[in-house]
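Undergrad: quick one, what's the 3D model for this:
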Amino acid sequence: MELTWYGLSCFRLTERGKANVVTDPYNTKLGLPALKLKSDIVTISHDAPGHNYLKAVSGYSHALTGPGEYEIGGVFVTGVATRHRDESVRNVLFVIDFNNLTVVHLGDIGQLPSQSQIEDFGEVNVLLVPVGGGSSLNAAQAAELVSMLEPNLVVPMHYAIPGQNLELDSAERFLKEMGVTDVAEESVLRVTSTSLPEETEVVLLQPKI
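TA: Numbering: from 1, shown residues only. As a prediction, the model looks like this:
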């Protein structure tokens, strides 16, 4: 599987012979360049400009916006309703399974999930976790959640990058909370079920913008 980050919570996940997935496409009014993506599936964690801009994606046959279980093009997707920092807003995290390689995209989750929700995730291979605060988890909360889930790989998202006009913390705070002092930035994450590290590792992706 290949995973590319476009800033904020927007990723594109591709696997040969499977439907591809775009998560949380954002609106250009947030200061980042316009997205021009093509995908079979789009997941929307909640209804906000940083997460719901479907006009940025073409070719999709399914836009998933709520909880439920879906099987599309050989990809299994489970949406789980969780809490945004604003109690009145529903956030949906998505568990995406490519050939038994499980990716969890937490969307704009603002509170730690319940123990029963965590148990529903099963084994988490790749965790896409917001770390910049604002309306979602801050660095300390994100690090606590990582320790609860024990994923193989952690990819931070929803943090401050150049050009973006949201008030978010940098990724460095999260790295400090995780005790990571030396981490390489990758342009694309390529991972298979046989290449996963045994101990949790953090991977910083360069935004493709």
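Undergrad: test my guess that residue 58 contacts residue 35.
TA: No - applying C-beta atoms under 8 Å, one finds residue 58 not in contact with residue 35, separated by 10.3 Å. Just so you know, the C-beta spots here come from the backbone N, C-alpha and C atoms, and that holds for glycine as well.
Undergrad: of the two, which one has the most company?
TA: Ranked by neighbour count (other C-beta atoms under 10 Å), residue 58 and residue 35 place residue 35 first, with 20 against 10.
Undergrad: gap between the more buried one and residue 15?
TA: 21 Å (C-beta to C-beta, to the nearest Å).
Undergrad: one more: residue 108?
TA: Taking C-beta to C-beta, one finds residue 108 at 25 Å from residue 15.
Undergrad: okay, these two: which has more neighbours?
TA: Neighbours per residue (other C-beta under 10 Å) separate residue 108 from residue 15, with residue 108 holding more: 27 against 18.
Undergrad: so that one: helix, strand or coil?
TA: Of the three states, residue 108 takes coil under DSSP: H, G, I helix; E, B strand; the rest coil.
Undergrad: for residue 20, see how far away it is.
TA: Residue 108 sits 22 Å away from residue 20, going by C-beta to C-beta.
Undergrad: just residue 188 next, same as before
TA: For residue 188, the distance to residue 20 - C-beta to C-beta - is 13 Å.
Undergrad: could you list every helix and strand in contact with the helix or strand containing residue 3?
TA: For residue 3, the element it lies in under DSSP states H and E is strand 2-5. Under the contact definition 3 or more C-beta pairs under 8 Å, 6 or more residues apart in numbering; DSSP states H and E, strand 2-5 sits against strand 11-14, strand 153-157, strand 189-190, strand 204-205.
Undergrad: direction included, what does it pair against?
TA: Counting by DSSP bridges, the strands paired with strand 2-5 are strand 11-14 (antiparallel), strand 189-190 (antiparallel).
Undergrad: and the helix or strand of the chain with the lowest mean pLDDT, what does it pack onto?
TA: When the helices and strands of the chain are scored by mean pLDDT, DSSP states H and E, helix 115-121 comes last with a mean of 81. In terms of contacts (3+ C-beta pairs under 8 Å, 6+ apart), helix 115-121 is packed against strand 75-83, helix 139-149.
Undergrad: give me the contact list for it.
TA: Helix 115-121 is contacted from outside by 80, 82, 95, 102, 104, 148, 149, using C-beta atoms under 8 Å, 6 or more residues apart in numbering.
Undergrad: hey, least reliable of the helices and strands packed on helix 115-121 by pLDDT?
TA: Lowest mean pLDDT within those: strand 75-83, at a mean of 89.
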